[in-house]
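Visitor: fold the stuff below for me.
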Amino acid sequence: MKLAIASLLVGSAVAFAPAATPMRNSALNMATETTTEKAFAKLPASVKPGVVTGAALVDLLDAAKAQGYAIPGVNIVGTNSINACMEAAAKYGGPIMVTFSKGGGQFIAGKYCDNTGDKASIAGSIAGAKHVHEVAKLYGVPVVLHTDHCQKAWLPWIDGLLAASEEHFAATGSPLFSSHMLDLSEEPLEENISICKSYLEKFAKMGILLEFELGVTGGEEDGVDNSDVDSSRLYTQPEEVYYAYEQLSQVEGGAFTCAASFGNVHGVYAPGNVDLQPIILYNSQKYIQEKIGSDDDKPMKFVFHGGSGSSVEDIQYAIGAGVIKMNIDTDTQWAFWDGVRAYEAKYHDYLQGQIGNPEGDDKPNKKYYDPRMSLRAGEESMAARLVKAAEDLKCVNVLN
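Guide: This next block holds a predicted model:
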């Protein structure tokens, strides 16, 4: 079995700081409804249907690590793809991560809009996040609101989203977004982690998790092009992961993830054309465990970026090293289009004009060309592809 490599968009591995006492700060607790009544039999009581943030998110990922599955993290471009994600999660019986890219946010706002200062990307991402907050509970599953790769030049985009979360936190006690990814892997290691640390200090006040990247994910995805990168940069060393862990652990109440590259590549590649080395994750776990003297043999929670060229066997081997999330984009893009394509092919003769079809020259075609029909076909196809991904990630029936 092969999980279409394109499917697993984000090419690295993400690690959460262990849920130690400092994680349970007031911001994290405020962002979690305090109750002992469980909504899901297989998850901690803190995890409820709807958007999950703060300590509840840490609890959710702890459960994923303990039970040996990874959560699909899916890039979206509008309410149709957002809803398809949550529909899929309801069908496979597990959590879902809805992921906004800078370009996806701009598309939600409208390509017509002026994006000077990232204002369209900011407005669109906020609008999409508010949509999720309004409807997520209707699907009855935990939903994580995340943002994808943010390079150094794109930090104003995150600044705008952070301001929105501050406003939301003041009103509700929880942030608008669950987590943000800062991809400063093009910068020197020390600068990368220094900037991440400064943002984590802001995030920690609201219980927002930081995802950062070490090494480089190859290929190209949504404006991030690493097609010509030196292959040596595709493989992160355990010492680098530990350095980041040690530095970021100094932030009181900080929760963080680390995207450690191990040969991952964005895009579509034939199996065998990508040299994936998930052993790097195992080595990193062992190195950190020895350095901090932990009894936990998986002190880090990793996220898998860019699973291109990876077999299901390789992916599940990486899950064994503590991968608790895998990003998906290219395969879901294709799946959505394939649903629309199939709809057009099935009703082709009913889509050539407003009036007239095989049933008669005077028969109306409105119910066929209504945009909701083809868009719904795309949603259903995308949701079906995500159910398949969840099966490969062992994320099926993990709620009850």
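
Visitor: for this structure, name the helix or strand with the lowest mean pLDDT.
Guide: In the chain, no helix or strand scores lower on mean pLDDT, DSSP states H and E than strand 224-226, which sits at a mean of 44.

Visitor: may I have the helix or strand that that one is followed by as PDB, with CA atoms only?
Guide: As assigned by DSSP states H and E, the chain's next helix or strand after strand 224-226 is helix 238-248. C-alpha atoms of helix 238-248 as PDB (Å, rounded to 0.1, in the frame of the first residue of the first chain):
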ATOM      1  CA  PRO A 238      19.600  15.000  16.800                       C
ATOM      2  CA  GLU A 239      21.900  17.600  18.300                       C
ATOM      3  CA  GLU A 240      19.900  20.300  16.500                       C
ATOM      4  CA  VAL A 241      16.600  19.000  17.800                       C
ATOM      5  CA  TYR A 242      18.000  18.900  21.400                       C
ATOM      6  CA  TYR A 243      19.400  22.500  21.100                       C
ATOM      7  CA  ALA A 244      16.000  23.800  20.100                       C
ATOM      8  CA  TYR A 245      14.300  21.700  22.800                       C
ATOM      9  CA  GLU A 246      16.600  23.100  25.500                       C
ATOM     10  CA  GLN A 247      16.200  26.700  24.400                       C
ATOM     11  CA  LEU A 248      12.500  26.700  24.000                       C
END
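
Visitor: helices or strands up against helix 238-248?
Guide: Packed against helix 238-248 by the contact rule (3 or more CB pairs under 8 Å, 6 or more residues apart in numbering; DSSP states H and E) you find helix 189-204, strand 209-214, strand 256-260, helix 279-292. Quick note: C-beta positions are derived from backbone N, CA and C, even for glycine.

Visitor: these two touch, right, residue 292 and residue 300?
Guide: No: assessed by CB atoms under 8 Å, residue 292 is found out of contact with residue 300, at 10.3 Å.

Visitor: between those two, which has more neighbouring residues?
Guide: Between residue 292 and residue 300, counted using other CB atoms under 10 Å, the more crowded position is residue 300 (30 against 14).

Visitor: so which strand or helix has that one?
Guide: With DSSP H and E as the test, residue 300 turns up in no helix or strand.

Visitor: tell me the predicted confidence for it.
Guide: Reading off the confidence values, residue 300 has pLDDT 88.

Visitor: ok, it to residue 241 distance?
Guide: Residue 300 is 7 Å from residue 241, where distance means CB to CB, to the nearest Å.

Visitor: now the helices for the stretch 251-400 of the chain?
Guide: Here the stretch 251-400 of the chain has its helices, by DSSP state H, counting those that start in this stretch, at 279-292, 312-319, 330-346, 366-369, 371-392.

Visitor: run the chain-centre distance for the first one.
Guide: In terms of CA atoms, centre = their mean, to the nearest Å, the gap separating the centre of helix 279-292 from the centre of its chain is 24 Å.

Visitor: going by neighbour count, list what's buried in stretch 116-131.
Guide: Neighbour counts over stretch 116-131 (16 or more other CB atoms under 10 Å) mark 118-126, 128-129, 131 as buried.

Visitor: now, these that are in helices?
Guide: Among the buried residues of stretch 116-131, DSSP state H puts 119-126, 128-129, 131 in helices.

Visitor: can you pull the pLDDT of residue 308?
Guide: Looking at residue 308, its pLDDT reads 56.

Visitor: residue 228 now?
Guide: 49.

Visitor: and if you look at the one 4 residues further on?
Guide: Looking at residue 232, its pLDDT reads 51.

Visitor: got it, and residue 359?
Guide: 97.

Visitor: now it: phi and psi?
Guide: phi -90, psi -10 (degrees, to the nearest 10).

Visitor: just list whatever residues bridge to residue 357.
Guide: Beta-bridge partners recorded for residue 357 (DSSP bridges): residue 360.

Visitor: burial of it, as a residue count?
Guide: 18.

Visitor: right, and it touches residue 366 too?
Guide: No: using CB under 8 Å, residue 357 makes no contact with residue 366, being 11.0 Å away.
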